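Q: quick one, fold the following:
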Amino acid sequence: MARAITVARGDGIGPEIMDATLFILKEAGCPLEFEDVRMGETLYRDGHAAGIHPEVWESIRRTGVLLKAPMTTPQGKGVKSLNVTLRKTLGLFANIRPVMSLAPVIESRFPKLDVIVVRENEEDLYAGIEHRQTDEVVQCLKLMSRPGTERLVRFAFEYATAQRRKRITCMTKDNIMKLTDGLFHAIFREVASEYPTLSSDHMIIDIGTARLATRPEGFDVLVLPNLYGDILSDVVAELSGSVGLAGSCNLGRTAAMYEAIHGSAPDIAGRGIANPSGLMNGAIMMLRDLGMTQAPLIENAWLKTLEDGIHTGDVVLSHAHPQKVGTRAFAEAVAARFGQKPTILRAASEESIGVPRVPDLVHPPHPNKELVGIDAFIGWRGDPNELGPELVAATTAPLKLQMITNRGVKVWPDGFPETFCTDHWRCRYQREDKGVITHHDILALLASIAEHGFDFIKTENLYTFDGEPGFSAGQGQ
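A: Numbering: from 1, shown residues only. Below is the predicted model:
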C-alpha cells in the first residue's frame with residue numbers, strides 16, 4: 001500500500017528541483033502518493049499572512065510527512081519566515097543535517113569531513129519577539145526553556161547512538177549569556193552523564209566555529225541552540241564542497257519535514273540549471289525514516305553519477321572529463337544508474353536504522369520562587385548622573401535604586417564618563433537587605449516613576465528560585 005506524503009513545490013528554483021526529485025522517487029518505485037499543497041510567496045501575495053493555505057495543515061496532520069522545496073519569504077516588516085512558522089506550529093523541534101565530504105570526486109580541503117548537526121528548532125532568538133523601545137534602541141528576546149532544551153539534547157544523544165557515532169559536541173556562549181546559554185550547557189552535561197559510551201565535550205561557540213572551519217574532521221555530532229545551529233550547519237555544508245548538496249530533516253513528535261538547506265535562488269529560477277541534490281538528499285532521509293528500501297538505491301546512484309563526472313554548474317568535480325548538465329538531465333542520469341554503486345566514494349548503507357524515539361517533554365518540579373526586585377527600563381536622554389538622583393527621589397519604600405546600566409554597563413553610581421550611553425536605561429531596584437517584596441511594592445514604584453515624568457518602557461521582575469538568583473548580576477553586585 002502506498003504511503004501518502006505532502007508535497008510543496010516551493011518558489012524560485014523549487015518547482016524545478018521538486019519535479020526532478022519526484023521523478024527519481026517514481027523511477028525508483030517508491031510506494032508513495034503525493035498530496036500537492038500550496039504555500040510560499042504567491043500565498044503571501046494572495047493575502048495569507050503566514051504564506052500557507054489552510055488546507056496545508058490538514059494535509060500534513062493526515063500524512064505526517066512534508067517534502068518541501070525552498071520557499072521565498074517576502075522581505076518587509078511584519079512578514080514571518082515560512083520555515084519558522086512550519087517548524088514551530090508543527091512542533092518540529094529538531095533539525096538534523098548530515099554533511100559528508102565527497103572527496104576526491106568533489107574537491108575539498110577536508111576529505112575526512114563527516115559531521116551531523118542537530119539543531120534546536122523552536123526557541124532561542126528565533127522566537128522572533130522584537131520591540132523598538134526608544135528612539136535609538138530595539139531589542140530581541142532570547143528564550144530558552146528547560147523542557148525544550150532537554151528534549152532536543154536527549155534526542156541528539158539518542159540519534160548519535162542510533163547512528164553509531166562516537167562523540168557529541170555542544171557549543172554555546174555561556175561565558176557571556178550565563179542564564180540562557182548556561183541552561184543549554186548545563187542540561188547537556190546532565191544528559192551526557194546518562195550516555196557513558198558516547199564521548200562528550202563542550203566548546204565556546206567562537207573558538208568552536210573557528211576549529212570547525214579549519215579542522216572539521218575532528219568533529220562527529222554537534223548539538224546546538226537554534227541560531228548557532230543555523231549558522232554552523234551552513235558552514236559545514238560549504239566545507240563539504242557545496243551548500244547545494246545537503247538535505248535536512250525537521251523532526252517532531254507527530255510530523256517531519258524534509259528539505260534542502262539552500263534557498264529558493266530566484267536569480268536562476270526557470271533556467272533549468274539548478275542542482276536538485278539537496279532536495280534529493282532530503283528525500284533520501286525521508287525514505288530511510290519511513291523504512292523504504294529505495295533509499296540506498298537512490299543514494300548509490302547519485303554517488304555514481306557524480307563519480308562518472310556528471311554535475312550541475314554549481315559543483316566542481318575532479319573528473320578528467322566532467323559533463324555539465326541541467327536539472328532534469330542530472331535527475332535522468334541518476335535514474336539511469338539505479339542498481340549501480342560507487343567505486344571511489346563510500347557506498348550507502350543498506351541497513352535501516354530508523355528514527356530514535358522522540359523523548360517526552362519533561363517539566364521540572366516547581367521550585368520555591370520569590371520576588372526580590374525589579375529591573376525597570378527607562379527611555380530618557382541625558383546624563384546618568386542627573387538621572388540617578390531623580391530616580392532616587394521617585395523611589396518608594398521598601399525598594400532602593402541599586403544601580404543604573406546602559407546596554408549592560410554600569411553608569412550610576414560611579415560610572416565612567418568615557419562610556420557611550422544611548423537613551424535606554426536599566427534601573428535595578430531591590431530592598432536594602434535583598435529580601436522579598438510584593439507586586440504591590442512594584443506597582444507603587446512604577447506609579448511614582450510615572451508621576452515624576454519618566455517613561456518606563458519595559459520591566460523585568462527579579463526572582464530567586466530555591467534561593468538562587470534567576471537574573472544576571474550587575475557590575476559590582
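
Q: can you pull out the low-pLDDT segments for the stretch 1-150 of the chain?
A: Residues of the stretch 1-150 of the chain meeting the criterion pLDDT under 70: 76-79.

Q: what residues are up against residue 426?
A: 375-377, 404-406, 408 (Cβ atoms under 8 Å, 6 or more residues apart in numbering). Quick note: C-beta positions are derived from backbone N, CA and C, even for glycine.

Q: mind running it again at 6 Å?
A: 375, 377, 405 (Cβ atoms under 6 Å, 6 or more residues apart in numbering).

Q: list the buried ones in the strand or helix carrying residue 371?
A: If you go by DSSP states H and E, residue 371 is part of strand 369-379. Judged by neighbour count using 16 or more other Cβ atoms under 10 Å, the buried positions of strand 369-379 are 372-379.

Q: rounded mean pLDDT for it, please.
A: With pLDDT averaged residue by residue, strand 369-379 scores 98.

Q: max-length helix in the chain?
A: Selection of the longest helix in the chain by residue count, based on DSSP state H, yields helix 146-162.

Q: name the surrounding residues that touch that one.
A: By Cβ under 6 Å, 6+ apart, helix 146-162 touches 93-94, 118, 120, 123, 168, 184, 187-188, 191, 195, 198, 221, 223, 353, 356, 359, 361-364.

Q: please indicate which of these are buried?
A: Buried among those by 16+ other Cβ under 10 Å: 93-94, 118, 120, 123, 168, 184, 187-188, 191, 195, 198, 221, 223, 356, 359.

Q: which one of those is nearest to residue 234?
A: In terms of Cβ to Cβ, no member of these lies closer to residue 234 than residue 118, at 14.9 Å.

Q: hang on, the closest one in a helix?
A: No. Residue 118 is assigned strand when assessed by DSSP: H, G, I helix; E, B strand; the rest coil, not a helix.

Q: my guess is it contacts residue 224. True?
A: No. Judged on Cβ atoms under 6 Å, residue 118 makes no contact with residue 224 at a distance of 7.3 Å.

Q: residue 135 - how many residues pack around it?
A: For residue 135, the neighbour count with other Cβ atoms under 10 Å is 10.

Q: could you find the closest non-adjacent residue to it?
A: With sequence-adjacent residues excluded and distances taken as Cβ to Cβ, 6 or more residues apart in numbering, residue 135 is closest to residue 423, at 5.8 Å.

Q: could you check how many residues crowd around the one you found?
A: 16.

Q: returning to that earlier point: can I get the CA coordinates of the strand holding residue 371 in PDB?
A: Taking Å, rounded to 0.1, in the frame of the first residue of the first chain, the C-alpha atoms of strand 369-379 are listed here in PDB:
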ATOM      1  CA  LYS A 369      10.100  31.200  43.700                       C
ATOM      2  CA  GLU A 370      10.400  34.500  45.500                       C
ATOM      3  CA  LEU A 371      10.100  38.100  44.100                       C
ATOM      4  CA  VAL A 372      13.100  40.100  45.300                       C
ATOM      5  CA  GLY A 373      13.300  43.100  42.900                       C
ATOM      6  CA  ILE A 374      12.600  44.700  39.600                       C
ATOM      7  CA  ASP A 375      14.600  46.000  36.600                       C
ATOM      8  CA  ALA A 376      12.700  49.000  35.300                       C
ATOM      9  CA  PHE A 377      13.800  50.100  31.800                       C
ATOM     10  CA  ILE A 378      13.500  53.900  31.300                       C
ATOM     11  CA  GLY A 379      13.500  55.800  28.000                       C
END
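
Q: and that strand, what does it pack against?
A: strand 424-431, strand 455-465 (3 or more Cβ pairs under 6 Å, 6 or more residues apart in numbering; DSSP states H and E).

Q: got the angle for the longest one vs strand 424-431?
A: Spelled out, that is strand 455-465. Relative orientation of strand 455-465 versus strand 424-431 (axes from the mean of the first three to the mean of the last three Cα atoms, to 10 degrees): 50 degrees.
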